[in-house]
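quick one: sequence and predicted model below, then my questions.
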Amino acid sequence: MTVSMSRATLETVHVIIESTKSAADVRSALESAVAPELRIALRHDFGTVAQYEVGDRLVEAMASYATATALYVPLRVIVYK
């Protein structure tokens, strides 16, 4: 079996939005604001920190077969206090 490997550099942009609302209110607003054609593909709750990966249904379906596909989810949101 032959294995090939490639390497690519991806740019990451970090955007910080501060809010006077509680983390629970921000989480609730985020979950209700996701557009109908998108969905929260993954949700991790670590108590004071919650991580969401927002993507379309195709990416979610692909990630269930190949977890590396989750690298291509278009938006990762982290809510923390």
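Nice, I can see it. Numbering: from 1, shown residues only.

the residue nearest the centre of the chain: which element?
Computing the C-alpha centroid of the chain and ranking residues by CA atoms, centre = their mean puts E53 first, at 1.6 Å. For E53, the element it lies in under DSSP states H and E is strand 49-56.

if we can go back for a sec, the residue nearest to the centre of the chain against I78, yeah?
No: contact criterion CB atoms under 8 Å: E53 and I78 do not qualify, at 10.1 Å. All C-beta atoms are positioned from the backbone trio N, CA, C, and that covers glycine.

okay, the residue nearest to the centre of the chain and L75: tell me how far apart.
In this structure, E53 and L75 are 7 Å apart, going by CB to CB, to the nearest Å.

now do L38
From L38 across to L75, the span is 8 Å (CB to CB).

check S22 too.
When distances are taken as CB to CB, S22 and L75 turn out to be 22 Å apart.

so which strand or helix has V79?
With DSSP H and E as the criterion, V79 is inside strand 75-80.

how about D25?
Secondary structure assignment for D25, by DSSP H and E: helix 23-33.

just the CA atoms of that helix, as CSV, please.
What follows is the C-alpha trace of helix 23-33 in CSV, where atoms were taken according to Å, rounded to 0.1, in the frame of the first residue of the first chain:
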residue,chain,number,x,y,z
ALA,A,23,-22.6,32.9,29.0
ALA,A,24,-25.9,31.0,29.2
ASP,A,25,-27.7,33.9,27.4
VAL,A,26,-25.0,34.0,24.7
ARG,A,27,-25.2,30.3,24.2
SER,A,28,-28.9,30.4,23.9
ALA,A,29,-28.8,33.3,21.4
LEU,A,30,-26.1,31.5,19.3
GLU,A,31,-28.1,28.3,19.2
SER,A,32,-31.3,30.1,18.0
ALA,A,33,-29.4,32.3,15.5
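
tilt between the lowest-mean-pLDDT helix or strand in the chain and strand 49-56?
With mean pLDDT, DSSP states H and E as the measure, the helix or strand of the chain carrying the lowest mean pLDDT is helix 57-65 (a mean of 74). Put simply, helix 57-65 runs at 120 degrees to strand 49-56, going by axes from the mean of the first three to the mean of the last three CA atoms, to 10 degrees.
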